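> Pasting a predicted model and its sequence here:
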Amino acid sequence: MATDEKPKMLIVMALPQESDGLIEKIISEKHKNAVLIYTGVGLIAAAQKTTEAILQHKPDWVLNLGTVGSRKFSKSALIECTEFIYRGEISYIIKNKHTVMAFSNLPTASCASADHVDMGPVAEKYEVMDMEAFAIAKVCENYKIKFNSVKYVTDSSDATMLADWKINLKHGAVALSEFLKVGFGNSNSF
């Protein structure tokens, strides 16, 4: 790769609603070296679709964008996840934690992923919850590809979670697209 050539980035999101078409617009205007995929919801779908995209596009960097619930950060917070925890029932038999270096000026958080939402007390120490990031981090670790994750807090993972998520989804798409447009804070990668 030439020194002035930028590495190829794979942007991974769970659902098109999290982008609302704004991420696609930013990619077409500013990040032509990026490819966006949607995995669907859940760990298995995220692992499968991310693996397929890595094999097809051979990216140098995978950036996971999306939404999370949090009991620490307020709704509308934009955060960078730097620790990824599997919060499923068999976490004791797999390596259930991955850590990455932050690349932005955003507040950092540990993100716990599972195919369910914990609305009661949490057993592990983590600040945000989603359903895909751990699987994407694990796939990237297996393929030795740089991985980062930026999330928008839409809800508090409580009884009003789904309603809050729906209300705040468009705000999340705007915040994530602005993050891409500005150029990632202190990162010079893209």
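Structure's in. What do you need?
> what's the spacing between stretch 129-144 and its chain's center?
Once both centres are worked out by Cα atoms, centre = their mean, to the nearest Å, stretch 129-144 turns out to sit 9 Å from its chain's centre.
> Show me what secondary structure element comes after the one helix or strand in the chain whose mean pLDDT sits lowest.
In the chain, the helix or strand scored least confidently by mean pLDDT, DSSP states H and E is strand 97-99, which has a mean of 75. Going down the chain from strand 97-99, the next helix or strand is strand 108-113, by DSSP states H and E.
> Can you tell me the centre-most residue of this protein?
By Cα atoms, centre = their mean, the chain has its centre lying nearest to Asn64, at 3.2 Å.
> any idea how far that one lies from Thr50?
9 Å (Cβ to Cβ, to the nearest Å). Using the backbone N, CA and C atoms, a C-beta is placed for each residue, glycine as well.
> Buried residues, the longest helix along the chain. List them.
Criterion DSSP state H: the longest helix present in the chain is helix 161-182. Applying a neighbour-count criterion of 16 or more other Cβ atoms under 10 Å, the buried positions in helix 161-182 are Met161, Asp164, Trp165, Asn168, Leu169, Gly172, Ala173, Ala175, Leu176, Ser177, Phe179, Leu180.
> my guess is the third one meets Ser156, correct?
No: look at Trp165 against Ser156 with Cβ atoms under 8 Å: they stay out of range, at 10.3 Å.
> Could you give the backbone dihedrals for the residue nearest to the centre of the chain?
When read as degrees, to the nearest 10, the backbone of Asn64 gives phi -90, psi 120.
> Show me what it is bridged to.
Asn64 forms beta bridges with Val12, Ser149, as assigned by DSSP bridges.
> Can you check which residues contact both of Asn64 and Thr50?
Val12, Ile136 (Cβ atoms under 8 Å, 6 or more residues apart in numbering).
> would you turn the buried residues of helix 161-182 into JSON lines with pLDDT and distance to Lys8?
As requested, those are exported to JSON lines (pLDDT from 0 to 100; distance: Cβ to Cβ, whole Å):
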{"residue": "Met161", "pLDDT": "81", "distance to Lys8": "35"}
{"residue": "Asp164", "pLDDT": "87", "distance to Lys8": "35"}
{"residue": "Trp165", "pLDDT": "87", "distance to Lys8": "31"}
{"residue": "Asn168", "pLDDT": "90", "distance to Lys8": "31"}
{"residue": "Leu169", "pLDDT": "89", "distance to Lys8": "28"}
{"residue": "Gly172", "pLDDT": "94", "distance to Lys8": "25"}
{"residue": "Ala173", "pLDDT": "95", "distance to Lys8": "23"}
{"residue": "Ala175", "pLDDT": "95", "distance to Lys8": "24"}
{"residue": "Leu176", "pLDDT": "95", "distance to Lys8": "20"}
{"residue": "Ser177", "pLDDT": "93", "distance to Lys8": "20"}
{"residue": "Phe179", "pLDDT": "93", "distance to Lys8": "19"}
{"residue": "Leu180", "pLDDT": "90", "distance to Lys8": "15"}
